[in-house]
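**Q** Quick one, fold the following:
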Amino acid sequence: VRQNALDKRLLRYPLLAASADERNVLLEKLRKEGLGGSALYRETLPSIRGVRALVDSPEELLNARSFAGRLLTLPVHNGVESTHIDKINRCLQF
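**A** Numbers count the residues shown, from 1 in each chain. Take a look at the predicted model:
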């Protein structure tokens, strides 16, 4: 059954930082404010414990490693209010 993206909503809002260091700084700012930022997997899928045996990956996955190292996500549930969004915006300013 084909799913329509309009019928779905994101569980987390993904952002891609310029570098892993920048992502880590942002996550620390979000953590200090209690805003629920997450690095999600932090690794490529084959690097996650318990997944390697399930994935055949003959390559180093350099692009995937870079992506995973820069990815962070923000909450988008209905408990996120405008005050949270304002705080998130301030955290994301460099």
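
**Q** how far away is the residue nearest the centre of the chain from residue 60?
**A** Nearest to the geometric centre of the chain sits residue 72, at 2.7 Å (C-alpha atoms, centre = their mean). Here residue 72 is placed at a distance of 23 Å from residue 60 (C-beta to C-beta, to the nearest Å). All C-beta spots, glycine's among them, are computed from the backbone N, C-alpha and C.

**Q** Could you do residue 78 as well?
**A** 41 Å.

**Q** These two: which is more packed in?
**A** It is residue 60, of residue 78 and residue 60, that has more neighbours when counted by other C-beta atoms under 10 Å, with 10 against 7.

**Q** The residue nearest to residue 73 when sequence neighbours are not counted: how many residues sit nearby?
**A** Distance criterion C-beta to C-beta, 6 or more residues apart in numbering; nearest residue to residue 73, sequence neighbours excluded, is residue 12 at 3.7 Å. Other residues within reach of residue 12, judged by other C-beta under 10 Å, total 15.

**Q** Residue 12 against residue 41, yeah?
**A** No. Residue 12 lies out of contact with residue 41 (C-beta atoms under 8 Å); the separation is 11.7 Å.

**Q** re the thing from before, so the residue nearest to the centre of the chain belongs to a helix, correct?
**A** No. With DSSP: H, G, I helix; E, B strand; the rest coil as the criterion, residue 72 is located in strand rather than a helix.

**Q** Quick one: mean pLDDT over the longest helix seen in the chain.
**A** Longest helix in the chain, counting residues (DSSP state H): helix 20-32. Regarding helix 20-32, the rounded mean pLDDT is 95.

**Q** Which positions within that helix qualify as buried?
**A** By 16 or more other C-beta atoms under 10 Å, the buried positions in helix 20-32 come out as 20, 23, 26, 27, 29, 30.

**Q** who does that helix touch, helix- and strand-wise?
**A** Contact here means 3 or more C-beta pairs under 8 Å, 6 or more residues apart in numbering; DSSP states H and E; on that basis helix 20-32 packs against helix 62-70, strand 71-75, helix 82-92.
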